[in-house]
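# How does the following fold in three dimensions:
(one chain, ligands or ions: 1)
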Amino acid sequence: MSVFPKDFLWGGATAANQYEGGWNEGGRGMTESDCSSSGSIKSLRSVTYRLPDGTAGSCPMFAPLPEGAKLDVVEGEYYPYHDAVDFYHRHSEDIALLGEMGIKLFRMSIAWSRIFPTGVETEPNQEGLDFYHTVFAELREQGIEPLVTLCHYDTPLYIEQELGGWENRETIGLFDRFARCVMSEYKDEVRYWLTFNEINSPLMMPSFLPNYPAAKMRSNFQVLHNQFVASARAVKFAHEVREDAMVGCMLAGRCSYPFTCDPADIINNLQGKQEALFYAGDTMVRGAYPSYARRLWQAWDVELNTEPSDFEDLAAGCVDMVTFSYYSSSTSTTHTDVERASGNFSSGAKNPYLQYSQWGWSIDPTGLRYFLNELYDRYQKPLMVVENGLGAKDVLEEDGSVHDPYRIEYMREHVRAMGESLADGVDLIGYTPWGIIDLVSASTGQMAKRYGFVYVDRDDEGNGTFDRYRKDSFFWYQKAIASCGEDLD
Ligand code: BG6
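Prediction:
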């Protein structure tokens, strides 16, 4: 008998900016990611801007813009998110494919700028609201529950650029308006919500990008504080409009091992996890900052700008579940004579016991079991793996087939690892593999880095028909779901 419970939520995951397209349709406003051009395996994506005198330029993502520059779309540049993979026009076809696969839960995000184009409007954009009503109705017809992320790296550009983004407390109120609007509007259609995608990722930056400025890190603590408060208010409101709502935090799954048994590495790993993972998880699950926060603030010279009501909000808005992305594990070490490897917002010494993907991310299914146990021991809340998968190059054959045994192998071992964690006693309730239908990579802007069980005909230069093709992994997942995780061959 399968170790997966009958009501296990087998699913798939996407996010509006990487999947939807229709960037300037239906009254949608702009987001920062609309100004991101594409990158490659070797170089980060760039963002384009305009100077006050009208001159256009570009600089690497995460780097500071020149004085006076404003992000903008520049003629002659290619922006992969503008059309993404065109879910905006192909939602019916995609949802039918998801139904055919047999999934029960579809992770998607609502593009904030489709509902409030600049973020500061007082009334929502009806066309945006209608679009998601249509999507939810089509999902319901297929017996699929939506799992909706409120903010997946797509705060409206106006807020980011003119108001100072999440560092400004005013953004808490603007998000509040957005969250209340969509949570009331869709209360009969959506039970599962996530507030901020990979909310801990800003605190992972120093270990990911060498020479990350300390001033930027200081402001990231304020960004997170404001997001914690905004998230807690949304959790509370979700339960006011719908008693059985399940709202989760969403963490970038920083599963890291000490590289050696040198005690210095053990402490280094522990502190790295406190800062880049548990600081967010602990605050959102327990409703208060953890005891080690003070030391972190001192280390980064952080003085949080808070109000007394923030702490009441945090305590009143503890999440109902803990969700996370998991692609690979990393190692941390104080030793410098090591070969290095990177992953999703992470980097560390290369683990000699693991294989690495074409994009250099480690492949570690056992790490998923370990991480699930670690989170469950700590939080004792239902868990969901809401992103997992292998970014790999696929070949579309003449007859429309795509043979992706490497992906099946990766998924099989990760599903087995989840099964082991269930047997360990972990309360794992759902699994939504990332980019279930191919979409644009967040880090590189490529289409070549594909995660899906459905192939989308689109390349890195914007050529292709957007036609969809079932990969071999599509049929594998269909069988895995139908047998509730029993038949993984
Ligand atoms: C996570 C994000 O960081 O990893 C997704 O939540 C992203 O948006 C995913 O796409 C995989 O990363 P990448 O860079 O391979 O697309």
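# check contacts around the closest residue to the ligand within the chain.
For the chain and the ligand, the shortest gap (Cβ to the nearest ligand atom) falls at S443, measuring 3.1 Å. For the C-beta atoms, the positions are set from N, CA and C on the backbone; glycine is no exception. Under the criterion of Cβ atoms under 8 Å, 6 or more residues apart in numbering, the contact list for S443 reads G39, L44, R45, N344.
# so what's the backbone phi/psi at the residue nearest to the last one when sequence neighbours are not counted?
By that I understand N344. If the residues on either side of it in the chain are set aside, N344 comes closest to Y327, at 5.0 Å by Cβ to Cβ, 6 or more residues apart in numbering. According to degrees, to the nearest 10, the main-chain angles of Y327 amount to phi -120, psi -40.
# show me the residues around Y327 that make contact.
Residues near Y327 by Cβ under 8 Å, 6+ apart: G253, G343, N344, W361, E387, N388, G389, G391, W434.
# what do you get for T171?
By Cβ under 8 Å, 6+ apart, the contact list for T171 reads G119, T155, I159, L163, G164, G165, N226, A230.
# for P202, same thing?
Applying Cβ under 8 Å, 6+ apart to P202 gives the contacts N220, V223, L224.
# Then R169?
By Cβ under 8 Å, 6+ apart, the contact list for R169 reads N226, N305, E307.
# at 6 Å what do you get?
Contacts here follow Cβ atoms under 6 Å, 6 or more residues apart in numbering; on that basis R169 touches N226.
# Give me the distance between the residue nearest to N344 and W434.
Using Cβ to Cβ, to the nearest Å, we find Y327 at a distance of 8 Å from W434.
# do F178 as well
Distance, F178 to W434, by Cβ to Cβ: 24 Å.
# what ranges of the stretch 351-489 of the chain fall below the confidence cut-off?
Confidence mapping of the stretch 351-489 of the chain against pLDDT under 70 gives zero matching residues.
# so where do the helices sit in it?
Listed from the start of the chain, the stretch 351-489 of the chain has helices (DSSP state H, counting those that start in this stretch) covering 365-379, 405-423, 472-482.
# residues of the longest one that come out buried?
It stands for helix 405-423. By neighbour count on 16 or more other Cβ atoms under 10 Å, the buried set for helix 405-423 is 406-408, 410-412, 414-422.
# and the ligand, which of those residues reach it?
When the buried residues of helix 405-423 are filtered against the ligand using Cβ under 6 Å from any ligand atom, no residues are retained.
# Any chance you could note which residues of the stretch 151-300 of the chain sit beside the ligand?
With the criterion set to Cβ under 6 Å from any ligand atom, the stretch 151-300 of the chain comes near the ligand through N197, E198, A252.
# tally of neighbours for P352?
Residue crowding around P352 was assessed by other Cβ atoms under 10 Å; the count is 8.
# Would you check how far apart it and T333 are?
Between P352 and T333 the distance is 13 Å, computed by Cβ to Cβ.
# ditto for A179
Counting by Cβ to Cβ, the gap between A179 and T333 amounts to 40 Å.
# The two: which is more packed in?
Comparing A179 with T333 by other Cβ under 10 Å, the one with more neighbours is A179, at 24 against 21.
# which residues in the stretch 151-300 of the chain form strands?
With strands called from DSSP state E, counting those that start in this stretch, the stretch 151-300 of the chain shows them at 192-196, 246-252, 255-258.
# Flag the shaky bits of the stretch 151-300 of the chain, pLDDT-wise.
Scanning the stretch 151-300 of the chain residue by residue, none of them satisfies pLDDT under 70.
# what about the helices in it?
157-162, 170-185, 205-208, 214-241, 263-273, 279-286, 293-300.
# buried ones in the first one?
This points to helix 157-162. For helix 157-162, the buried set under the neighbour-count rule, 16+ other Cβ under 10 Å, comprises L157, Y158, I159, E160, Q161.
# same thing with the fourth one?
Buried residues in helix 214-241, defined by neighbour count with 16+ other Cβ under 10 Å: 217-235, 237-239.
# what angle do it and helix 170-185 make?
Counting by axes from the mean of the first three to the mean of the last three Cα atoms, to 10 degrees, helix 214-241 lies at 30 degrees to helix 170-185.
# tell me what helix 214-241 is packed against?
With contacts defined as 3 or more Cβ pairs under 6 Å, 6 or more residues apart in numbering; DSSP states H and E, the packing partners of helix 214-241 are helix 170-185, strand 192-196, helix 308-316.
# which residue packs closest to the residue nearest in space to the middle of the chain, ignoring adjacent ones?
A centroid search over the chain (Cα atoms, centre = their mean) returns N197, at 4.4 Å, as the residue closest to the centre. Nearest residue to N197, sequence neighbours excluded (Cβ to Cβ, 6+ apart): H152, at 4.1 Å.
# Next, the contact list for the one you found, please.
When contacts are counted by Cβ under 6 Å, 6+ apart, H152 is found next to A15, S109, N197.
# if you set the cut-off to 8 Å instead, what comes out?
Residues touching H152, when contacts are defined by Cβ under 8 Å, 6+ apart, comprise A15, A16, N17, S109, N197.
# what's the answer for G281, then?
The contact partners of G281, by Cβ under 8 Å, 6+ apart, come to N200, C249, L251, V322, L375, R378, Y379.
# Keeping just the C-alphas, turn stretch 442-455 into CSV.
C-alpha atoms of stretch 442-455 as CSV (Å, rounded to 0.1, in the frame of the first residue of the first chain):
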residue,chain,number,x,y,z
ALA,A,442,14.0,33.1,-13.2
SER,A,443,17.7,33.3,-12.8
THR,A,444,18.8,33.1,-16.5
GLY,A,445,15.7,34.2,-18.4
GLN,A,446,16.2,31.2,-20.6
MET,A,447,13.6,28.8,-22.1
ALA,A,448,16.4,26.3,-22.6
LYS,A,449,16.4,25.5,-18.8
ARG,A,450,13.2,23.5,-18.9
TYR,A,451,11.4,21.9,-15.9
GLY,A,452,8.1,20.9,-17.3
PHE,A,453,6.3,17.7,-18.0
VAL,A,454,4.8,19.6,-21.0
TYR,A,455,7.1,21.0,-23.6
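# farthest-separated two in the contacts of T171?
Comparing all pairs in the contacts of T171 by Cβ to Cβ, the longest separation belongs to G164 and A230, at 14.8 Å.
# and the gap between L251 and D176?
In this view, L251 and D176 are 22 Å apart by Cβ to Cβ.
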